[in-house]
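*Asks:* Please work out how this folds:
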Amino acid sequence: MRKYIILLTTALLLTGCGNAVRSSDLSSAQSTEQAPDETIEATPAPSPSPLPEIPYVEYSDDLFEPGIEAPDEIVSELPDFTQDESLELDNGIYFHKSLPQSTRDLFFEYYMMEPEAVRKAVDDYGALIIVGKDGKYTGGNAGLYYPEERIIAINGSSPSKVAMAVNHEIGHCVDSMVGELVGMPIDEEIYWLGVSNSMEFTNDFFDEYETAGYPSWNSFSSFEFFAETYRYVIEDNTAMMNKAPLCSEYVKRVLEQYFLNHADETE
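*Replies:* Presented below is the predicted three-dimensional model:
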């Protein structure tokens with residue numbers, strides 16, 4: 001399993017994500033982007049068709065504003081979960097067996113805020129969701145997304161961690177999913193490639209990150225800012241969206257173009 005960079009920004013953000021998991025359960029389960037362009041017809045993220053023409057011709061090489069240092073590697077490799085008998089499958093989600101029903105209900109309360117088309121796309125993309133009892137799969141954070149393995153990990157040790165992590169981590173998955181669709185694949189030599197690394201979004205990020213009032217760990221990079229903005233859009237947090245209107249509109253446009261406008265096509 002290749003090592004890749006998981007940023008301290010994620011760690012800072014998410015410090016405070018029934019049957020035993022079998023390899024066969026996971027082998028059958030396994031993100032992509034396109035900017036709006038009047039001459040290019042939008043393509044749904046889960047489409048197996050060839051990659052469309054890439055409207056995002058330019059994207060930033062450096063995700064970080066001058067003065068914001070790229071953090072060190074925190075979690076380089078996903079712990080082996082294929083033989084973890086403490087996990088059980090519950091409505092398509094892997095939960096630690098000891099988690100109470102209240103934690104599972106809380107997870108699904110936030111998860112079901114996601115549009116059905118997004119949940120289907122995430123599933124079609126082969127992403128798996130693990131809700132652990134602690135930070136084993138999240139590096140101690142409330143949540144962590146492993147882009148190469150397509151694993152969304154949530155720390156279920158407290159309601160606050162679950163609440164802040166579910167839609168944020170799905171936002172990371174959407175970011176890389178849509179980025180991959182238009183030929184911006186994950187690269188272990190670069191911190192993150194995805195919708196959030198387009199020139200348009202990074203410009204919006206630089207315009208808004210200092211005044212948006214997001215938790216500080218979400219303002220260190222465009223991809224963390226994207227995921228947190230995605231969370232506020234999904235949860236309809238108008239107050240926070242109004243503080244970052246450019247980035248919020250960008251996220252809404254991504255949702256419309258790649259998911260909501262193609263809900264019927266993915267049935």
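*Asks:* Low-confidence ranges, this structure, go.
*Replies:* The chain contains residues with pLDDT under 70 at 1-78, 182-193, 262-267.
*Asks:* and the lengthiest helix in the chain, which residues are buried?
*Replies:* Counting by DSSP state H, the longest helix found in the chain is helix 159-181. Going by neighbour count (16 or more other Cβ atoms under 10 Å), the buried part of helix 159-181 is 161-181. No exception for glycine: its C-beta is placed from N, CA and C like everyone else's.
*Asks:* ok, now stretch 102-121?
*Replies:* 103-104, 106-107, 110-111, 113-114, 117-121.
*Asks:* Could you export these as a markdown table, including secondary structure?
*Replies:* A markdown table is the format used below for those (DSSP: H, G, I helix; E, B strand; the rest coil):
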| residue | secondary structure |
| --- | --- |
| 103 | helix |
| 104 | helix |
| 106 | helix |
| 107 | helix |
| 110 | helix |
| 111 | helix |
| 113 | coil |
| 114 | coil |
| 117 | helix |
| 118 | helix |
| 119 | helix |
| 120 | helix |
| 121 | helix |
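*Asks:* any chance of those in JSON lines, plus distance to residue 199?
*Replies:* Formatted as JSON lines, the buried residues of stretch 102-121 follow (distance: Cβ to Cβ, whole Å):
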{"residue": "103", "distance to residue 199": "40"}
{"residue": "104", "distance to residue 199": "41"}
{"residue": "106", "distance to residue 199": "38"}
{"residue": "107", "distance to residue 199": "35"}
{"residue": "110", "distance to residue 199": "31"}
{"residue": "111", "distance to residue 199": "32"}
{"residue": "113", "distance to residue 199": "30"}
{"residue": "114", "distance to residue 199": "27"}
{"residue": "117", "distance to residue 199": "27"}
{"residue": "118", "distance to residue 199": "24"}
{"residue": "119", "distance to residue 199": "29"}
{"residue": "120", "distance to residue 199": "30"}
{"residue": "121", "distance to residue 199": "24"}
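*Asks:* How are the strands of the stretch 51-200 of the chain distributed by residue range?
*Replies:* For the stretch 51-200 of the chain, strands defined by DSSP state E, counting those that start in this stretch occupy the ranges 87-90, 93-96, 128-132, 143-146, 151-155.
*Asks:* The last one packs against which elements?
*Replies:* With contacts defined as 3 or more Cβ pairs under 8 Å, 6 or more residues apart in numbering; DSSP states H and E, strand 151-155 has these neighbours: strand 128-132, strand 143-146, helix 159-181.
*Asks:* Would you mind giving the secondary structure of the closest residue to residue 218 other than its chain neighbours?
*Replies:* Nearest-residue entry for residue 218: residue 228, 3.9 Å, with adjacent residues in sequence omitted and distances by Cβ to Cβ, 6 or more residues apart in numbering. Reducing the assignment to helix, strand or coil with three-state DSSP, the entry for residue 228 is helix.
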